[in-house]
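# Pasting a predicted model and its sequence here:
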Amino acid sequence: MALIKQLLGITPTIGKDCFLADNATIIGDVVMGDECSIWFNTVLRGDVNSIRIGNRVNIQDGSVLHTLYQKSTIEIGDDVSIGHNVTIHGAKIHNLALIGMGAVVMDDAEVGEGALVAAGSVVLSKTKIGPNELWGGAPAKFIKMVDPAQSREINQKIARNYLMYSKWYEEE
């Protein structure tokens, strides 16, 4: 069973039909929408500021979400996929965005709707990634625009797939 820990009088709020892996850790000021999945060894640490997560968000294995004390927060929109071993520190991720495996997104960065951050990228603090842009590298730089319909289709498919995968664990 996932560790859901109250801290400083604040208990995480988990939406309906969410999957929380057995060793996921969710602490403090975290509010999660419906049909989300938080995978193995993932940490959502809302101890020093807030983490807000929309609907149908999947945060994959080994990811860490944290913020700066009294400075940055995390906001994640709907139908967002956060790949394996991603670090998000005080950033805003808009609807239908995809953050690739092993990426780092730093404080006050913003990832636009339908945008893609390539695996292994480092999005520096205060970087603004526009809608439907593909960024990659360390530090991450603009690579190209992606077709909005294609981005939407791919990102919604991934979100639906992770919802399906999470249902497999209900049967065990």
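Sure, I can see it.

# what about the helices in the chain?
148-168 (DSSP state H).

# For the closest residue to Lys5 other than its chain neighbours, list the residues it contacts.
Among residues not flanking Lys5 along the chain, Ile27 sits closest, at 4.6 Å (C-beta to C-beta, 6 or more residues apart in numbering). All C-beta spots, glycine's among them, are computed from the backbone N, C-alpha and C. Neighbouring residues of Ile27 by C-beta atoms under 8 Å, 6 or more residues apart in numbering: Leu3, Lys5, Leu7, Pro12, Val43, Leu44, Arg45, Gly46, Asp47.

# Narrow those residues to those in strands?
Leu3, Lys5, Val43, Leu44, Arg45, Gly46, Asp47 (DSSP state E).

# Low-confidence bits of the protein, can you list those?
171-172 (pLDDT under 70).

# Leu8 versus the most centrally placed residue in it, what's the distance?
Nearest residue to the geometric centre of the chain (C-alpha atoms, centre = their mean): Ile82, 4.4 Å. Here the criterion is C-beta to C-beta, to the nearest Å. By it, Ile82 lies 25 Å from Leu8.
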